[in-house]
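A.B. asks: Everything below, folded, please.
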Amino acid sequence: MCAHILVAEDDEMQAELIRRLLLQEGHTPVVVHDGRAAIDEATSRRPDLVVLDLMLPKVDGLGVCRVLRQNGDIPVLMLTARSTEDDVLLGLGLGADDYMTKPYSPRELLARIRTVLRRTQRPTDHSPLLRAGGLTVDPVRHEVTCDGVPVPCTPGEFAILHAMTAEPDRVFSRRQLLQHTRGHDRASTERAIDVHIMNLRKKIEPDPRVPARLLTVFSVGYKLTGQPS
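C.D. replies: Below is the predicted model:
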C-alpha cells in the first residue's frame, strides 16, 4: 500500500527517522515542523494519514487534530511523549485513530501505520497524486505529466521526480537522490544523478539551458520548485 503520509514533528531528528522509515515502506512522506504548517499541508493536499506529534509550536497537536476533524476525516496517528491516561483519552476523544507514546519501536510504529491505513483505506478508483511546479506524479500508475502533457520517464527518472514532488522546494543532495534510485538503477552513481537531471530538464523545462522547475543549488544538489513555471 503506497500512501501519502504527512509527518508533523518538531524534532528534526525524529522527523527524519520517521521519513526514512516511511520511504523504506514505499510510502510518500511529507514532513512539517509546526502545527500551522500541518494544517495548511493537510488542507491543501489531503494526505492518507497524518503522524502527529502533540508538542508542536504555533498550533499544538490537539489543535491540529481538532481542525482536521472539523474539516474532514483524514486518519490521524498521534505520536507523543505525553503518556497519561487522560492525554490518551483526550487525543482519542478528538478523533485520533491511534495513539503512540515516545520512546517507541520503529517496527511498532510501522505496524500501527499499516493497521490504520488498512482500517481507513479509501476507495481505489483514484490515485494519491503528487503535484509541484506544473508536474503531476501518479505513484500508483507510474505516470508523470507536465502541464497536462505526458512525460515518459525511465525508472530512475521517475524515482527522482517521485521523491522531489513529495517535498517541493526541498534541496536534495546527489547522495540522497541516489538512495531513491537504488533498486531502479542498480549501477547508478552520484554522477549518474547529474545525467538523470539533465535528461529530466529536456523533458520538463521550457528551456533546459535556463531551468525554471528543476533547479541547481550550487555545492549542495537540486530542488524542484513548488511554484508553477
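
A.B. asks: Spell out the residue ranges of the strands in the protein.
C.D. replies: Secondary structure of the chain, counting by DSSP state E: strands at 4-8, 28-32, 49-53, 76-80, 98-101, 130-132, 135-138, 143-146, 149-150, 172-173, 214-217, 221-224.

A.B. asks: What is the fourth one packed up against?
C.D. replies: Judged by 3 or more Cβ pairs under 8 Å, 6 or more residues apart in numbering; DSSP states H and E, the packing partners of strand 76-80 are strand 49-53, helix 61-71, helix 85-93, strand 98-101, helix 106-120. C-beta here means a position set from N, CA and C on the backbone, and glycine is covered the same way.

A.B. asks: my guess is residue 113 contacts residue 48, does it?
C.D. replies: No - if you go by Cβ atoms under 8 Å, residue 113 and residue 48 don't touch, sitting 10.0 Å apart.

A.B. asks: For the two, indicate the residue with more neighbours.
C.D. replies: For residue 113 against residue 48, the residue with the higher neighbour count under other Cβ atoms under 10 Å is residue 113, and the figures read 25 against 21.

A.B. asks: ok, that one - contacts?
C.D. replies: 5, 22, 25, 27, 49, 51, 77 (Cβ atoms under 8 Å, 6 or more residues apart in numbering).

A.B. asks: Could I get the phi/psi values of the third one?
C.D. replies: Yep, that's residue 25 we're talking about. Dihedral angles of residue 25 (phi, psi; degrees, to the nearest 10) stand at phi -80, psi 0.

A.B. asks: Spatially nearest residue to it, not counting backbone neighbours?
C.D. replies: Sequence neighbours aside, residue 110 is the residue nearest to residue 25 in space, at 6.0 Å (criterion: Cβ to Cβ, 6 or more residues apart in numbering).

A.B. asks: same deal with the second one?
C.D. replies: When the adjacent residues along the chain are set aside, residue 22 lies closest to residue 29, with 4.1 Å between them (Cβ to Cβ, 6+ apart).

A.B. asks: got a pLDDT number for that neighbour?
C.D. replies: What the model reports for residue 29 is a pLDDT of 92.
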